[in-house]
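A.B. asks: Turn this into a model:
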Amino acid sequence: MKALFTNTYESDFVTTETAKPTPKKGEVLVKIHASGVNPIDNKIRLGVSPYASPVLPAILGTDLAGVIEAISEGVTDFKVGDEVYGLAGGVLGLQGTLAEYTAVDTDLLAIKPKNLTMKEAAGIPLVLLTAWEGLIDRAKVQKGDKVLVHAGAGGVGHMVVQLAKIFGAEVYATVSKQKEAIVKSYGATPIDKNAQVEDYVNEFTHGKGFDIIYDTLGGQSFDDSLKAIRHYGQISSCYAFGTHTLATSSLRSASIHGIFVLHPAISGEGRKHHSDILTEAAKLFEEGKLKPLIDPRKFTLDNAMEAHKAVSDGSAVGRIAVDVIYQH
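C.D. replies: Presented below is the predicted three-dimensional model:
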């Protein structure tokens with residue numbers, strides 16, 4: 001099969017012919033149609049995410065959508081020909097998805113939403129799972145909750161906004177002026193990302209603070225979250241790296257949840273839960289309650305490096321995916 005190898009950090013991908021993998025017990029062989037590209041993929045390529053990095057040389061790529069071509073012993077949930085999607089590899093010990101085939105643990109896969117293209121489906125798993133874990137599993141969003149999402153038009157953010165709406169929450173999202181229309185289209189109230197915390201807390205919560213805050217940016221955004229949470233509120237962050245003074249939120253008895261969505265893939269712990277979430281979400285996509293936001297640019301294995309740059313240079317509007325099998 002054709003695959004893109006990363007041989008050294010910060011270097012270009014090297015297109016290589018390599019052996020097609022053989023699925024082990026509990027795995028299936030997937031013919032990859034599209035590979036989703038996330039900011040973490042680019043960080044791994046640059047060598048700045050040591051907690052997730054595979055041993056080089058390696059094939060990177062976390063998300064996929066494709067078709068099952070072979071199954072191994074013990075596999076009963078899937079059959080040859082099934083269209084699947086999942087957060088399937090590209091981290092410590094697992095082959096990535098910038099390749100024509102990969103062998104995947106079935107606990108990391110689910111049947112692809114029927115109404116989505118392969119490219120759309122490939123752009124979903126990591127951001128959807130990150131959003132779900134933080135908002136539903138950990139913060140336990142309820143109907144009527146006031147939810148604030150930092151960067152509501154971003155990859156994780158646009159999933160959090162939509163899931164919060166599905167659960168009946170009142171949703172607010174910090175966003176740039178250019179992307180206000182995106183969060184409005186999902187039913188959220190936009191807040192200028194440069195607005196003062198005190199101002200929007202007063203305007204939208206009568207000074208009490210939000211019930212749930214999902215921070216997708218870290219840094220100042222996480223510090224702002226500590227100030228904007230109500231007493232006994234819930235903060236989830238998928239980017240709480242760095243140094244923060246927790247006194248502000250501690251005095252409010254707020255709970256803080258760190259979300260590291262790659263843990264099941266890396267450790268093997270809790271993988272089936274990812275399959276279950278993706279299965280549940282597929283219904284929401286098919287019912288039209290969830291919609292992916294996909295960047296219209298076309299990327300293939302030949303220019304995958306451009307796709308990696310696009311997730312980190314601020315140019316993306318929506319999710320970036322690489323067509324492994326080019327679809328017009």
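A.B. asks: In space, what's closest to residue 241 - neighbours in sequence excluded?
C.D. replies: Leaving aside its chain neighbours, residue 241 sits nearest to residue 218 (5.9 Å; criterion: Cβ to Cβ, 6 or more residues apart in numbering). C-beta coordinates here come from the backbone N, C-alpha and C atoms, glycine included.
A.B. asks: Quick check on the one you found: phi, psi?
C.D. replies: phi 70, psi -170 (degrees, to the nearest 10).
A.B. asks: Relative to residue 20, how far out is it?
C.D. replies: Distance of residue 218 to residue 20, computed by Cβ to Cβ, to the nearest Å: 39 Å.
A.B. asks: what about the residue nearest to residue 241, distance to residue 259?
C.D. replies: For residue 218, the distance to residue 259 - Cβ to Cβ - is 11 Å.
A.B. asks: So these two - more neighbours on which side?
C.D. replies: Shown here are residue 218 and residue 259; by other Cβ atoms under 10 Å, residue 259 has more neighbours (24 against 17).
A.B. asks: Residue 130 is in contact with the more buried one, correct?
C.D. replies: Yes: under the criterion of Cβ atoms under 8 Å, residue 259 makes contact with residue 130 at 5.8 Å.
A.B. asks: between those two, what contacts are shared?
C.D. replies: Here residue 259 and residue 130 have residue 238 as joint contacts, going by Cβ atoms under 8 Å, 6 or more residues apart in numbering.
A.B. asks: Quickly list the domain ranges of the chain.
C.D. replies: 2-124+268-323, 127-258 (automatic domain parsing).
A.B. asks: which SS state does residue 316 fall under?
C.D. replies: coil (DSSP: H, G, I helix; E, B strand; the rest coil).
A.B. asks: Can I get the domains of the chain in a markdown table including mean pLDDT?
C.D. replies: Formatted as a markdown table, the domains of the chain follow (pLDDT from 0 to 100):
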| stretch | mean pLDDT |
| --- | --- |
| domain 2-124+268-323 | 96 |
| domain 127-258 | 97 |
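A.B. asks: Now stretch 61-81: buried residues?
C.D. replies: Going by neighbour count (16 or more other Cβ atoms under 10 Å), the buried part of stretch 61-81 is 61, 62, 63, 64, 65, 66, 67, 68, 70, 71, 75, 78.
A.B. asks: Stretch 270-283 too?
C.D. replies: With burial defined by 16+ other Cβ under 10 Å, the residues of stretch 270-283 counted as buried are 271, 274, 275, 277, 278, 281, 282.
A.B. asks: Tell me which helix or strand the third one sits in.
C.D. replies: In other words, residue 275. Residue 275 is part of helix 271-286, with elements assigned from DSSP states H and E.
A.B. asks: counting contacts, what elements does that helix pack onto?
C.D. replies: In terms of contacts (3 or more Cβ pairs under 8 Å, 6 or more residues apart in numbering; DSSP states H and E), helix 271-286 is packed against strand 83-87, strand 109-111, helix 125-132, helix 263-267.
A.B. asks: Please work out the angle formed by the directions of the host helix or strand of residue 32 and helix 125-132.
C.D. replies: Secondary-structure element containing residue 32, defined by DSSP H and E: strand 27-37. Between strand 27-37 and helix 125-132, the angle comes out at 80 degrees (axes from the mean of the first three to the mean of the last three Cα atoms, to 10 degrees).
A.B. asks: which of the residues in the helix or strand just after strand 27-37 are buried?
C.D. replies: Sequence-wise, the next helix or strand downstream of strand 27-37 (DSSP H and E) is helix 39-46. Going by neighbour count (16+ other Cβ under 10 Å), the buried part of helix 39-46 is 39, 40, 41, 42, 43, 44, 45.
A.B. asks: Name the nearest residue to the residue nearest to the spatial centre of the chain, sequence neighbours excluded.
C.D. replies: The residue lying closest to the centre of the chain (Cα atoms, centre = their mean) is residue 127, at 1.6 Å. Closest residue to residue 127 apart from its sequence neighbours, by Cβ to Cβ, 6+ apart: residue 155 at 4.3 Å.
A.B. asks: Surely that neighbour is in contact with residue 319?
C.D. replies: Yes: if you go by Cβ under 8 Å, residue 155 and residue 319 touch, sitting 5.9 Å apart.
A.B. asks: List the residues that contact residue 89.
C.D. replies: 59, 61, 62, 64, 95, 96, 97, 102, 104, 265.
A.B. asks: Sort out for me which of the residues you listed are in helices.
C.D. replies: residue 265 (DSSP state H).
A.B. asks: and the contacts of residue 89 as CSV, adding distance to residue 223?
C.D. replies: Formatted as CSV, the contacts of residue 89 follow (distance: Cβ to Cβ, whole Å):
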residue, distance to residue 223
59, 37
61, 33
62, 28
64, 35
95, 38
96, 34
97, 35
102, 39
104, 38
265, 30
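A.B. asks: Buried ones among the contacts of residue 89?
C.D. replies: Among the contacts of residue 89, the ones that count as buried by 16+ other Cβ under 10 Å are 59, 61, 62, 64, 95, 96, 97, 102, 104, 265.
A.B. asks: what's the most distant pair in those residues?
C.D. replies: 59 and 265 (14.1 Å; Cβ to Cβ).
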